[in-house]
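J.: Build the 3D model from these lines:
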Amino acid sequence: MESQESRKLARWYFGGIASSGAACVTHPLDLLKVQLQTQQEGKVSIVKHTLKIIKKQGVLALYNGLSASLLRQGTYSTTRFGVYEVVKQGMEKPGEPLPFYKKLIIAGSAGAIGGIFGTPGDLINVRMQNDIKLPKEQRRNYKHAIDGLIRVSREEGFIKLFNGCSTATGRAILMTIGQLSFYDQIKQYLLTHANMNDNLGTHFAASLSAGAIATTLTQPLDVLKTRAMNAKPGEFKNIGQLIMYTAKMGPLGFFKGYVPAFVRLAPHTILTFVFLEQLRIYCGYIPDNKKGINGI
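T.: The predicted structure is shown next:
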């Protein structure tokens, strides 16, 4: 018999809260990933790069740009998780999970919307994380995320906030498919075919698998997005020029920073879904068909 906890659904904003909590833990890994992706030289050891940052600027430098990371999660993740949950819950019937192809479509659509809404925060996040490796005279020195938004609008124009939007949105589509739809499907399989219970072990296994899938799907676009957002005005005329520039490093150039990306995304995905499931269990709601869906 299905437990009361298993019947509970997540509220639309739980994903943003869970993602923000995960970002606070994994931010140093995200910073290292961004810095390695924007490096055009050969292979750089993640350990050596970490020690270099700590030696030059201290441990707290690994949390440079945290405010922008939280702004990004507050816009990007709240939107994509919210849209996915609202649409999925609206389409599902009691005891009848949606077919996987419908989850893919919902996740892709949610990712596209989230990618657009999250681009300004993402741009500031990338710039603040990359700032500490630049020479002092080239640093942008944003005080915090809001200062970054204001300065970009004033100094470069409002439209600049959406620089890299196409690659960010493409990545968001693949990321949301890899994380949300695959997490749901893998969890469903474990519960129905592997005789596992709706508990932390199941959430961990499903989220680890989803994290690996999402990293592989998104890495090429993640590299292009990071380079586009960190580019100086006029550095790349179009996406084709950016692709050709990256291709000079060979096929693996599109997977630059893959290890820190996985090391960062795997725990981030695990923590996000563990936090989300705990929010669902303790703060979620049991749907009442008479009152509608999403607990609003």
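J.: same for the strand or helix carrying residue 48, what does it pack against?
T.: With elements taken from DSSP states H and E, the one containing residue 48 is helix 46-57. Helix 46-57 sits against helix 14-37, helix 258-283, with contacts defined as 3 or more CB pairs under 8 Å, 6 or more residues apart in numbering; DSSP states H and E. Yep, even glycine has a C-beta here, placed from its N, CA and C like the rest.
J.: Now do stretch 185-202: distance from first to last residue.
T.: End-to-end distance of stretch 185-202 (CA to CA, to the nearest Å): 12 Å.
J.: pLDDT averaged over it - what is it?
T.: Summarised as a single mean, pLDDT over stretch 185-202 is 93.
J.: Tell me how far that stretch lies from the chain's centre.
T.: Between the centre of stretch 185-202 and the centre of its chain there are 24 Å (CA atoms, centre = their mean, to the nearest Å).
J.: Helices of the stretch 151-296 of the chain, residue ranges please.
T.: Using DSSP state H, counting those that start in this stretch, the helices of the stretch 151-296 of the chain run over residues 165-176, 182-193, 200-230, 239-247, 258-283.
J.: Single out the most deeply packed of those.
T.: Across these, averaging neighbours per residue (mean count of other CB atoms under 10 Å) puts helix 165-176 on top, at a mean of 24.
J.: Residues in contact with that one: which ones?
T.: 76, 80, 84, 107-108, 110-112, 114-116, 118-119, 122, 214, 217-218, 221-222, 224-225, 228-229, 239 (CB atoms under 8 Å, 6 or more residues apart in numbering).
J.: what do you get for stretch 217-228?
T.: Under the contact criterion CB under 8 Å, 6+ apart, stretch 217-228 has outside partners 34, 37-38, 122, 126, 163-164, 167-168, 170-171, 174-175, 177-178, 236, 239, 242-243, 245-246, 253-258, 261.
J.: which stretches of the stretch 151-296 of the chain aren't confidently modelled?
T.: Along the stretch 151-296 of the chain, the parts satisfying pLDDT under 70 run over 289-296.
J.: follow-up on the earlier one: between the helices of the stretch 151-296 of the chain, which one is nearest to residue 11?
T.: helix 258-283 (7.2 Å; CB to CB).
J.: Show me what the closest one is packed against.
T.: Looks like helix 258-283 contacts helix 14-37, helix 46-57, helix 200-230 (3+ CB pairs under 8 Å, 6+ apart).
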